[in-house]
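Peer 1: sequence and predicted structure below; questions after.
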Amino acid sequence: MAVDQERVQTLLTQAQPLTEAEVLADLPAAVVERLKTESATPLVAALGLSDALWIDNPHKGEKGASRAVRVIQRDEALIRAIAFYRLKGGEELEKTAVFFEETFAATSKHDGQVSHTS
């Protein structure tokens, strides 16, 4: 599956202005502290943030959940993870955005379940 370059550019554009406070908003203080101090590389930091944003996702695995809501939440998580990568000193923004887009691209089935494509 080819990655939509226009979509990647949109994710990068939306991630660009975010501050660390915006990226880490709504996360428990312990998670924020861990992400700020324990991340060895920008990519590890971004993956840690992405995981943290999805842990409490109320739609995770829920049959019949609104796909639109899930897509918005997924996109927000991607944008925040890309921004955190940049804030932690990551320089390969486009390559990282493509990685996140490929890794977390989701399709939905008729029963409301989400499956990940490769």
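Peer 2: Sure, I can see it.
Peer 1: state the number of residues packed around Phe99.
Peer 2: Residues lying near Phe99 (other CB atoms under 10 Å) number 17. Yep, even glycine has a C-beta here, placed from its N, CA and C like the rest.
Peer 1: just Ala15 next, same as before
Peer 2: Ala15 has 23 neighbouring residues, counting by other CB under 10 Å.
Peer 1: any idea how far it lies from Ala30?
Peer 2: 24 Å (CB to CB, to the nearest Å).
Peer 1: swap in Leu49?
Peer 2: 14 Å.
Peer 1: what's the pLDDT at Ala25?
Peer 2: Looking at Ala25, its pLDDT is 88.
Peer 1: which one's more surrounded, Leu49 and Ala30?
Peer 2: Leu49 (26 against 8).
Peer 1: A helix includes Ala46, no?
Peer 2: Yes: applying DSSP: H, G, I helix; E, B strand; the rest coil, one finds Ala46 inside a helix.
Peer 1: for the record, mean pLDDT for the helix or strand Phe99 falls within?
Peer 2: Assessed by DSSP states H and E, Phe99 sits inside helix 93-104. For helix 93-104, mean pLDDT rounds to 88.
Peer 1: same question, stretch 51-68
Peer 2: Across stretch 51-68, pLDDT averages out at 58.
Peer 1: would you put the C-alpha positions of stretch 9-18 in PDB?
Peer 2: Output in PDB follows, covering the C-alpha atoms of stretch 9-18 (Å, rounded to 0.1, in the frame of the first residue of the first chain):
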ATOM      1  CA  GLN A   9       2.500  16.600   4.300                       C
ATOM      2  CA  THR A  10      -0.800  17.500   6.000                       C
ATOM      3  CA  LEU A  11       0.300  15.600   9.100                       C
ATOM      4  CA  LEU A  12       3.700  17.400   9.100                       C
ATOM      5  CA  THR A  13       2.000  20.800   8.700                       C
ATOM      6  CA  GLN A  14      -0.400  20.200  11.600                       C
ATOM      7  CA  ALA A  15       2.500  18.900  13.800                       C
ATOM      8  CA  GLN A  16       4.800  21.800  13.100                       C
ATOM      9  CA  PRO A  17       3.300  24.500  15.400                       C
ATOM     10  CA  LEU A  18       2.700  22.300  18.400                       C
END
